[in-house]
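In: I need the structure of the sequence given here:
(one chain, ligands or ions: 2)
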Amino acid sequence: MKNMFINGEWTEASSGKTRNIINPFNQEVIATVAEGDKEDAKLAISAARKAFDHGEWSQTPATERGKKVLHIAQLIERDKEELAELESLDTGKTITESRADMDDIAGVFRYFAGLADKDGGEMIESPIPDSQSKVVREPVGVCGQITPWNYPLLQAAWKIAPALATGNTIVMKPSEITPLTTIKVTELMEEVGFPKGVVNLVLGEGTTVGNELAESHDVDLISFTGGIETGKKIMQTASGNVKKIALELGGKNPNIVFADADFETAVDQALNAIFFHAGQVCSAGARLLVEDSIHDEFVEALVERTKRIKLGNGFDEETQSGPLISAEHRAKVEKYVEIGKEEGATVLVGGSRPEDPELQNGFFYLPTIMTDCRSDMRIVQEEVFGPVLTVERFKDEDEAVHLANDTIYGLAGAVFTTDIDKAERVSAQLRMGTVWINDFHPYFAQAPWGGYKQSGIGRELGKAGLEEYTETKHIYRNLKPEPLNWFK
Ligand SMILES: NC(=O)c1ccc[n+]([C@@H]2O[C@H](COP(=O)([O-])OP(=O)(O)OC[C@H]3O[C@@H](n4cnc5c(N)ncnc54)[C@H](O)[C@@H]3O)[C@@H](O)[C@H]2O)c1
Ligand SMILES: C[N+](C)(C)CC=O
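Out: Ligands and ions are numbered 1, 2, ... in the order given. Prediction:
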């Protein structure tokens, strides 16, 4: 039984409720955890509020805060294998992916640990004689952090590390279906040792625990990663006390392949772009845009390789792709494929569950490619968040850019070409937070991550990811105070 962490204590849910966590590969119960609700969220928020207002952590020298954040990185590296196994059990992703996630996560804690004491404020030029002006950054306060199921610990790390490095107190709420690695990292943070109430973990549903974090006037910042509809609700709920908000939402990301691209590389990367983690990636390259002249040959090569993708248990080293996260999520993917067919798209490969008897207990869906797609179709516009690739054609650079930008989202996109001038021209016109040239998917702690348009508000990672967790203060000092005599 795994509990919540509130005010430095591991506690059961106040209602006494629990939840079984299941492995999406075979539906076996892998853990039982406390199922918190609004009451537990209130307790955690109150603990975080007291800890912040007391000031012990926010006034700890930044270098010392950085050392503690670095210590978390070291413990993650020490327990990497255990964490990776928990992540694969909980999400179904392959153990190779989970190990890579753990390396990234440790890197994120190291990066923000290093940044913790690098900003000592800035003196600015004052236009007023005999005065001095400086600008400093201070912690925001109590931060609610709500995370999704697809990269459970990685998305939490992007929030925990900068928040703690800058002296905030936190209340984490992982997805109710994938809490295991966030619980484990909370144990590691307990081992590192933070003042009581600085780190809190509440388990439970979004509509109860998450909603309380968004609504509470004792929370100063809400950082959310998840779906667009939830993001909109949180934005409204958070307006009650005009708290700061950071939203990392979905995407419907274009992958543009020009005829002059290196063919083999572009085919290989188009597969990675969509089928990595069964397409359950916010930045998945779900919309392939291919130049007319190579369309048929390109699609044929993709289909050939897609048929060979090995689905299976994430712990089997041969497995290239695991299951989807849940029965509900698979039903959503299936519904979208049906919608796509009704809209006139053609399924060239996949489009159903696998028949392999060994996969029948898992939430598997075959990697799917749909052609004859047009920009006005729902299957092209809406986030499916599964292994479903739509293919559109374009005839020239202008049309490629137009189609790529024809979306409410603006998270990420890629362009494949050997003409580097063209790559730069196209990248400059894409309305997205990340553009990859001749690659797909790289993200790392040093580079900011976030979306244009309805893909979100704010940035995680990079210096911008640290600044999200600070308020900016201007301190002006009169060096020669004397009466002004305006109101004699
Ligand atoms: N932009 C990014 O970096 C990024 C990264 C990962 C995932 N995502 C997005 O996340 C989505 C998939 O994740 P999901 O299905 O877990 O998303 P989701 O929106 O259903 O849930 C995300 C989190 O929000 C909580 N939640 C749900 N309703 C809530 C409410 N009313 N108030 C407060 N919290 C609430 C959930 O419990 C969960 O912890 C996809 O759309 C994906 O694109 C984006
Ligand atoms: C942000 N990223 C790519 C790690 C996960 C998106 O779902």
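In: how about the residues of the protein near ligand 2?
Out: 150-151, 154, 281-283, 443 (CB under 6 Å from any ligand atom). Just so you know, the C-beta spots here come from the backbone N, C-alpha and C atoms, and that holds for glycine as well.
In: next step: those residues restricted to helices.
Out: Judged by DSSP state H, those include residue 154 as members of helices.
In: skipping adjacent residues, who's closest to residue 111 in space?
Out: Excluding the flanking residues, the one nearest residue 111 by CB to CB, 6 or more residues apart in numbering is residue 445, at 3.6 Å.
In: and the residue of the stretch 301-450 of the chain nearest ligand 2?
Out: Residue nearest to ligand 2 within the stretch 301-450 of the chain: residue 443 (5.4 Å; CB to the nearest ligand atom).
In: ugh, typo on my part, it should be the stretch 51-200 of the chain
Out: residue 151 (4.6 Å).
In: any idea how many residues pack against that residue?
Out: 26 (other CB atoms under 10 Å).
In: please report how far the residue of the stretch 301-450 of the chain closest to ligand 2 lies from ligand 1.
Out: 9 Å (CB to the nearest ligand atom, to the nearest Å).
In: low-confidence bits of the stretch 151-300 of the chain, can you list those?
Out: Along the stretch 151-300 of the chain, no part satisfies pLDDT under 70.
In: spell out which parts of the chain neighbour ligand 1.
Out: Counting by CB under 6 Å from any ligand atom, the chain sits next to ligand 1 at 146-151, 155, 173, 175-176, 205-207, 210-211, 214, 225-227, 230, 233-234, 248-251, 282, 383, 385, 411, 451, 456.
In: from those, list the buried ones, please.
Out: 146-151, 155, 173, 175-176, 205-206, 210-211, 214, 225-227, 230, 233-234, 248-251, 282, 383, 385, 411, 451, 456 (16 or more other CB atoms under 10 Å).
In: please narrow the residues you listed to those residing in helices.
Out: Short answer: these in helices (DSSP H) are 155, 211, 214, 230, 233-234.
In: mind putting these into a markdown table with distance to residue 201?
Out: As requested, these are exported to a markdown table (distance: CB to CB, whole Å):
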| residue | distance to residue 201 |
| --- | --- |
| 155 | 15 |
| 211 | 17 |
| 214 | 17 |
| 230 | 20 |
| 233 | 22 |
| 234 | 19 |
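In: and which of these is nearest residue 327?
Out: residue 230 (19.7 Å; CB to CB).
In: spit out the contact partners of that closest one.
Out: Contacts for residue 230 (CB atoms under 8 Å, 6 or more residues apart in numbering) come out as 206, 210, 224.
In: measure stretch 50-65 end to end?
Out: 19 Å (CA to CA, to the nearest Å).
In: contacts for it, please.
Out: By CB under 8 Å, 6+ apart, stretch 50-65 touches 7, 116-117, 138-139, 141-142, 164-169, 194-198.
In: and it, what's buried?
Out: 51-52, 57-58, 60, 62, 65.
In: same deal with stretch 270-282?
Out: So for stretch 270-282, counting by 16+ other CB under 10 Å, buried means 270-271, 273-282.
In: from the residues you listed, which is closest to residue 261?
Out: residue 270 (9.9 Å).
In: now the stretch 201-350 of the chain against ligand 2: closest residue?
Out: Closest point on the stretch 201-350 of the chain to ligand 2, by CB to the nearest ligand atom, is residue 282, at 3.3 Å.
In: ok, and the closest non-adjacent residue to that residue?
Out: residue 251 (5.2 Å).
In: touching, that neighbour and residue 409? I think so.
Out: Yes - under the criterion of CB atoms under 8 Å, residue 251 makes contact with residue 409 at 4.8 Å.
In: distance of residue 218 from residue 48?
Out: Here residue 218 is placed at a distance of 8 Å from residue 48 (CB to CB, to the nearest Å).
In: which residues are common contacts for these two?
Out: Shared contacts of residue 218 and residue 48, counting by CB under 8 Å, 6+ apart, come down to residue 142.
In: the more surrounded of the two?
Out: Taking other CB under 10 Å, residue 218 and residue 48 do not tie; residue 48 has more neighbours (28 against 19).
In: before we move on, which element is that one in?
Out: For residue 48, the host element (DSSP states H and E) is helix 38-54.
In: again with residue 255
Out: Using DSSP H and E, residue 255 falls in strand 254-257.
In: now that strand - C-alpha only, CSV.
Out: Output of strand 254-257 as CSV, limited to C-alpha atoms (Å, rounded to 0.1, in the frame of the first residue of the first chain):
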residue,chain,number,x,y,z
PRO,A,254,3.2,18.2,-38.7
ASN,A,255,6.2,16.4,-40.1
ILE,A,256,7.0,17.9,-43.5
VAL,A,257,9.0,15.8,-45.9
